[in-house]
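**Student:** okay, sequence plus prediction incoming.
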Amino acid sequence: MERIILIGWIPFLLLSANHSQEWELASGAASWPPRSGHASVVHDGEMWVLGGFFGIAGPTYRNDVWHSADGIKWCSGTIQAPWSGRSGHSAVVYEERIWVLGGAASDGAKADVWYSEDGVSWVPATLDAPWSRRSGHTSVVHDGRIWVLGGGDSNAAKNDVWYSSDGVKWASATLEAPWSGRSGHTSVVHDGEIWVLGGAGVPSPSVPDYVVWNRDVWHSVDGITWVSATLDAPWSARSRHSSVAYGGRMWVLGGNRLGEGPYTGYNDVWHSSDGVNWTESEDNAGWSARGGHVSVVHAGKIWVLGGVDQTDWRNDVWYSSSLDDRSADLNNDGALDFLDLLMLLHEWKLNNRD
């Protein structure tokens, strides 16, 4: 009987799992001021926005913290956290705490690590981690540890990898990964591995105006041994894009190329289950072409928050109402079965709740 019912649901499952991606505006001007280079996490059922940068003439480095359950109503956790205003930092959720790591401040790059359970009260784990001061790096949680990957300082872009189980004591997995030194890249955890995607690097301090833009994809189980999925993904080489892992796939959203003639920004969206084969979901999403934005997965949706486009810094909030061209095999077990149907129904409930 169960098999007969499932067969009757298969057309619905296929139709529901393969549809075009649409983007909807949650807020055109959130309560938090416009910014780029901020960090975001999902913690305690809410999205969090932390720090960032605004302006070129008389730049403002922010150290405020905001949170929202729906992307519309935002509450201030603190207007001035004890960590200095910064951009290009990273943030993760680990052991039920929000962690902020490194970044660029008005007095230079940082190598400090802070944590908070509520976004209001912050504790320094260390003010001088052994990985050098940097910004434009990435962080993920993998194998029960916090990881820091790449980034740059005043001397060069880096390709080192560090990890810690407490934010205080750090060890290097490698000081020279096979992927080139870079900043403005993204990292996700997907299929039990750490992934590094794109970014920009300066090959030599002697030629600081020469920037290499990347569209390569690398992955590693342990942070030591890295494998190239592709050196030439079909999405344009870029940095300051955002990435998430969702629905059994990795997603690359937007980004830009600065300092290379006229401003080049992107608002395309790509996804891949293996890092080798990529599908373009959108070539012109509803949000403007931008970089320095952030993305998170929350309430069964992918979100895009803030950033800077060709005209201004932004504090808008967008979310995807669907995923493009998804396989109906939602749990990736090679079969279209009742478990896929349950996952689809659960996702439908999340996406359509009041």
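**Tutor:** Received the coordinates, thanks.
**Student:** poorly predicted segments of the chain, please.
**Tutor:** By pLDDT under 70, the low-scoring segments of the chain are 1-21, 203-210, 259-261, 322-337, 340, 343-344, 346-354.
**Student:** what segments of this structure are helices?
**Tutor:** For the chain, the helices defined by DSSP state H occupy 2-17, 338-351.
**Student:** surely N214 is in contact with A200?
**Tutor:** Yes. Here N214 lies in contact with A200, judged by Cβ atoms under 8 Å, at a distance of 6.8 Å. No exception for glycine: its C-beta is placed from N, CA and C like everyone else's.
**Student:** so what's the gap between stretch 248-265 and the chain middle?
**Tutor:** 13 Å (Cα atoms, centre = their mean, to the nearest Å).
**Student:** between the two ends of it, what distance do you get?
**Tutor:** End-to-end distance for stretch 248-265: 27 Å, by Cα to Cα, to the nearest Å.
**Student:** list the buried ones in that stretch?
**Tutor:** 248-258, 264-265 (16 or more other Cβ atoms under 10 Å).
**Student:** and the furthest pair within the residues you listed?
**Tutor:** G248 and L258 (32.5 Å; Cβ to Cβ).
**Student:** how about a markdown table for the buried residues of stretch 248-265, with distance to G181 added?
**Tutor:** Below are the buried residues of stretch 248-265 laid out as a markdown table (distance: Cβ to Cβ, whole Å):
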| residue | distance to G181 |
| --- | --- |
| G248 | 31 |
| R249 | 27 |
| M250 | 22 |
| W251 | 25 |
| V252 | 20 |
| L253 | 23 |
| G254 | 23 |
| G255 | 18 |
| N256 | 19 |
| R257 | 17 |
| L258 | 17 |
| T264 | 22 |
| G265 | 24 |
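**Student:** now for the closest residue to G88 other than its chain neighbours, how many residues are close by?
**Tutor:** Counting by Cβ to Cβ, 6 or more residues apart in numbering, S135 is the residue found nearest to G88 once chain neighbours are left out, at 3.2 Å. S135 has 23 neighbours, counted by other Cβ atoms under 10 Å.
**Student:** would you confirm that S135 contacts A109?
**Tutor:** Yes. Counting by Cβ under 8 Å, A109 is a contact partner of S135 at 5.3 Å.
**Student:** would you mind measuring from G292 to S242?
**Tutor:** From G292 across to S242, the span is 9 Å (Cβ to Cβ, to the nearest Å).
**Student:** how far away is Y61 from S121?
**Tutor:** Distance from Y61 to S121, by Cβ to Cβ: 21 Å.
**Student:** more crowded one of the two?
**Tutor:** More crowded of Y61 and S121, by other Cβ under 10 Å: Y61, with 21 against 12.
**Student:** can you count the residues close to D312?
**Tutor:** Neighbours of D312 (other Cβ under 10 Å): 11.
**Student:** so what pairs up with Y61 in the strands?
**Tutor:** F53 (DSSP bridges).
**Student:** same check on V189?
**Tutor:** Assigned bridge partners for V189, using DSSP bridges, are I194.
**Student:** good, we can wrap up now.
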